[in-house]
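K.L.:
next comes the sequence, and after it the predicted model I'd like to discuss.
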Amino acid sequence: MAASNKTTKITSSDIFSLYKEYHVPKHVIKHMLKVAAIAGKLCDKLIKKGEKVDKELVVKAALLHDILRVADFKELDLKRFKQEVRSEDLDKWLELRDKYGKRGHVKAGAEILKKLGHPRIANLVAKHAIYEVGNLKTLEEKILFYADKRVQDHRKVRLKTRLKKGRRNDFKEEVIALEKELTGRR
């Protein structure tokens with residue numbers, strides 16, 4: 001799997017450095033950690049069934065999928081952050097919103113990861129948006145997408161609970177079909 005190692009050369013240390021560089025809020029990091037845990041377990045189950053899945057790629061993409069999530073925040077209600085917000089955090093968040101807000105966190109995060117030399121991770125990040133459900137081709141894309149939809153904030157929730165809000169409900173049937181494909185649930 002030489003190609004896999006090349007495309008997932010980003011280390012845990014690199015990931016945490018990116019969290020610091022982009023001042024990723026703690027609650028967003030907790031969300032990404034939970035998504036990575038769920039994605040990893042799903043990879044293990046599929047591998048056990050004989051599927052070929054690049055687990056390392058999926059987990060690393062899960063750890064980075066919302067790195068620019070703050071760019072989509074309509075308001076920066078600091079009470080919701082449940083952390084000490086320093087002036088440099090706030091300045092960075094405002095900068096990211098101004099720079100990437102129109103593109104959104106999905107496209108902007110993928111763009112940054114691609115520029116950093118991680119095109120396969122960037123591809124998975126680009127595919128985790130709800131409107132991408134019909135465009136998922138690989139198991140890795142499907143796993144990250146699904147794991148993200150199972151996590152609200154930093155808690156695992158039922159898929160139907162997560163899909164109740166806004167535009168997500170428009171894609172409910174497709175996402176439930178994906179769940180059946182990945183987990184065998186009926």
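P.N.:
Arrived safely, thanks for sending.
K.L.:
pLDDT weak spots in this structure?
P.N.:
Within the chain, the set of residues satisfying pLDDT under 70 comprises 1-8, 165-169, 185-186.
K.L.:
for the most centrally placed residue in the chain, what are phi and psi?
P.N.:
The centre of the chain sits closest to residue 65, judged by CA atoms, centre = their mean, with a distance of 2.9 Å. Residue 65 adopts backbone torsions of phi -60, psi -30, taken as degrees, to the nearest 10.
K.L.:
same deal with the one 10 residues further on?
P.N.:
According to degrees, to the nearest 10, the main-chain angles of residue 75 amount to phi -130, psi 150.
K.L.:
OK, contacts around residue 114?
P.N.:
Going by CB atoms under 8 Å, 6 or more residues apart in numbering, residue 114 touches residue 122. To be clear about C-beta, it is placed using only N, CA and C from the backbone, and glycine gets the same treatment.
K.L.:
wait, a helix at it?
P.N.:
Yes - assignment of residue 114 by DSSP: H, G, I helix; E, B strand; the rest coil places it within a helix.
K.L.:
against residue 125, how distant is it?
P.N.:
Distance from residue 114 to residue 125, counting by CB to CB, to the nearest Å: 9 Å.
K.L.:
overlap of the contact sets of those two?
P.N.:
Residues touching both residue 114 and residue 125 (CB under 8 Å, 6+ apart): none.
K.L.:
off-centre distance for the top helix by length along the chain?
P.N.:
Counting residues, the longest helix found in the chain (DSSP state H) is helix 26-48. Chain-centre distance of helix 26-48: 10 Å, with CA atoms, centre = their mean, to the nearest Å.
K.L.:
what is the burial count for the nearest residue to residue 61 once chain neighbours are set aside?
P.N.:
Nearest residue to residue 61, sequence neighbours excluded (CB to CB, 6 or more residues apart in numbering): residue 124, at 3.7 Å. Residues lying near residue 124 (other CB atoms under 10 Å) number 28.
K.L.:
thanks again, I'm all set now.
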